[in-house]
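J.: Model the following, please.
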Amino acid sequence: MNSILIKNAQLVNEGQIQTADVLVKDGYLHTIGQNLNALADTVIDAKSQYLLPGIIDDQVHFRDPGLTHKGDLYSEPRAAVAGGVTTFMEMPNTVPNATTQQLLQQKYDTAAQKSLANYSFFMGGTNDNLEEILKTDTRSVCGIKLFMGSSTGNMLVDNPETLEAIYKQSPMLIATHCEDEATIRANMQRVTEQYGENIPMRAHPEIRSVEACYTSSSMAVELAKKHNTRLHILHISTAEELALFTNDVPLAQKRITAEVCVHHLWFDAAQYETLGAQIKCNPAIKAARHKEALFQGLLDNRLDIIATDHAPHTWEEKQAGTYKGAPSGLPLVQHSLQVMLAFYQQGKISLERVVEKMCHAPAICFQVEKRGFIREGYWADLMLVDLNQNQTVAKDNIHYKCGWSPLEGQTLPGVVTHTIVSGHLAYQHGKFDESKRGERVLFSR
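T.: Numbers count the residues shown, from 1 in each chain. Sure, this is the predicted structure:
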């Protein structure tokens, strides 16, 4: 494998920014220091650029297998790498659902052939697959995913006895989607009585309401406390849910952790009028007070991780014309860093905290082995960012297979100029080098 020497970078890592050189050799971070003169196959002068660890996105939907007209394990990892995401953890609600060890392994096999980024896949839980869940290898699988809500229909885990058994016996971290099914159904019935089939998109946060989120999240936390389960609640979307989480111990010691997604920090309910189905997702984007509270929860460490919940649909699917017809989900994995850099530019968060929440914290939370930090002996997952450049999100620079973004037309700060994945210079100045695939991520458990 080629060696890479990065010179004169502003290295952002573990709460500090300092000028440094980095030597990458045989896939790993070999030397970090000043004025390195080592021989290398590739030398990058990174003067005036920032060197960050690669982002670890712990929640994506890449649609492979079964829904590959929306995205797949070739297209979406490329988009991720273009945005500085070097590792992803992908969800089991593909077709078929990854709810057996055999189906889970098939996804790993596909990624090994197609993915430019490093990868891991969640094992899916159902009401009747506890035996399969218990076979999951803790060292080579990121976690168990439970839909404690109706987001994906047939993967809804709503049997109380099953939930108790999974929380009690799970060999590893459980990641949950928390929305209460009964609450959503009652809300849907009420809104349908009001509007008939002409439900406006702005009703989405009424249907998938604050109450629906809190009822489910609080139950998940209660179960986790009862069984001392390692619980990670995905995409927190309400101010009310923040009361369920603490910041009184370091992340590595927490048994219950939480994630916030970039779209719940960036958008609010007022934008349904202009963006409509483009920002329809589960859990719903809600009133502006929630995004402000979530940002504070992120800064005070009640929320631990920033992710995307990247969930592409075709433009045609999104423009179905009716509320019920339009699927939920946003494509975001290429632009998550730029969204957070916009907040940095606004003075709302430091670069060091962006790196902490997008790179370090996912590695700590999931016990990722030798990734998420710029440390000698760790895998070389890196990106160079030019903060002197801006980029307007447009069709011609979007790499998602679906070809659109809810951020189109917005000018965001920072351009990722280089992305190194497990020591391989996978992306530079808009061009991909696909001569090497990403690595399967391992976990120190």
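J.: switch to C-alpha atoms for all contacts and neighbour counts from now on
T.: Noted.
J.: which residues of the stretch 1-150 of the chain fall in strands?
T.: For the stretch 1-150 of the chain, strands defined by DSSP state E, counting those that start in this stretch occupy the ranges 4-13, 16-25, 28-33, 42-45, 50-53, 55-60, 85-90, 118-121, 123-124, 144-148.
J.: Let me have the ones you listed in TSV, extended by distance to residue 421 and mean neighbour count.
T.: Output for those, formatted as TSV (distance: least, C-alpha to C-alpha, whole Å; neighbours: other C-alpha atoms under 10 Å):
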stretch	distance to residue 421	mean neighbour count
strand 4-13	12	22
strand 16-25	11	21
strand 28-33	10	18
strand 42-45	15	14
strand 50-53	10	27
strand 55-60	10	27
strand 85-90	6	28
strand 118-121	7	25
strand 123-124	24	28
strand 144-148	25	26
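J.: So which of those is nearest residue 158?
T.: Proximity to residue 158 (C-alpha to C-alpha) singles out strand 144-148 among these, at 6.4 Å.
J.: coming back round to it: now the strands of the stretch 1-150 of the chain as CSV including distance to residue 210?
T.: Below are the strands of the stretch 1-150 of the chain laid out as CSV (distance: least, C-alpha to C-alpha, whole Å):
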stretch, distance to residue 210
strand 4-13, 36
strand 16-25, 37
strand 28-33, 44
strand 42-45, 48
strand 50-53, 35
strand 55-60, 21
strand 85-90, 26
strand 118-121, 29
strand 123-124, 25
strand 144-148, 15
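J.: Among the ones you listed, which comes closest to residue 305?
T.: Per C-alpha to C-alpha, nearest to residue 305 of the strands of the stretch 1-150 of the chain: strand 55-60, 8.5 Å.
J.: so that closest one versus strand 85-90, what angle?
T.: In terms of direction (axes from the mean of the first three to the mean of the last three C-alpha atoms, to 10 degrees), strand 55-60 departs from strand 85-90 by 20 degrees.
J.: Packing partners of strand 55-60?
T.: Packing partners of strand 55-60 (3 or more C-alpha pairs under 8 Å, 6 or more residues apart in numbering; DSSP states H and E): strand 85-90, strand 305-307, helix 361-366.
J.: at 6 Å what do you get?
T.: Here strand 55-60 touches strand 85-90, going by 3 or more C-alpha pairs under 6 Å, 6 or more residues apart in numbering; DSSP states H and E.
J.: Direction-wise, compare the strand it packs on with strand 144-148 and give the angle.
T.: 60 degrees.
J.: Work out the sheet partners of strand 85-90 and label each with its direction, please.
T.: strand 55-60 (parallel), strand 118-121 (parallel) (DSSP bridges).
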